[in-house]
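*Asks:* sequence and computational prediction follow.
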Amino acid sequence: MLDVIKEISGVNPRKCMKCGKCTAACPAFDEMEYHPHQFVDMVETGRIDELLNSKGMYYCLSCFACVERCPRSVEPARLIEAVRTLALRKQGGDHMTPDMVPGKLDENLPQQAITSAFRKYRK
């Protein structure tokens, strides 16, 4: 599962030096079961199942304050989003196939939304 999270996020959690700057910048750290630096460590050590069973990952605001503060460009928010995506994918099958995309297009909807949904809901 670690390889899948790395592929989805594009982040190497091993770059983390566990300084805690990401957690210090996080406006939601009080609500999270695992703080951003702990989250990165858990991904790095392969404790993915614990993260998947945690409701704390849904408290991340995706504000990217952690990304801005990280001196090593680890990007904890991207790892959190990757674990959320993995949780959605584990709920069951492909939710979106390539042939469904044209039917979802709408001139008022940003194309990025469709691309994002396709990436998120397709294995």
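*Replies:* Right, received. Where do you want to start?

*Asks:* so who does the residue nearest the centre of the chain touch?
*Replies:* The chain has E81 as the residue nearest its centroid, 1.4 Å off, counting by CA atoms, centre = their mean. Going by CB atoms under 8 Å, 6 or more residues apart in numbering, E81 touches 8-9, 60, 62. For glycine as for every other residue, the C-beta is placed from the backbone atoms N, C-alpha and C.

*Asks:* and the buried ones among those, selectable in PyMOL?
*Replies:* Here is the PyMOL command that picks out the buried ones among the contacts of E81, judged by 16 or more other CB atoms under 10 Å:
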select buried, resi 8+9+60
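
*Asks:* what's the closest of the contacts of E81 to E75?
*Replies:* Ranked by distance to E75 (CB to CB), those are led by S9 at 7.2 Å.

*Asks:* now, which of the contacts of E81 lie within strands?
*Replies:* Assignment to strands by DSSP state E places none of the contacts of E81 there.
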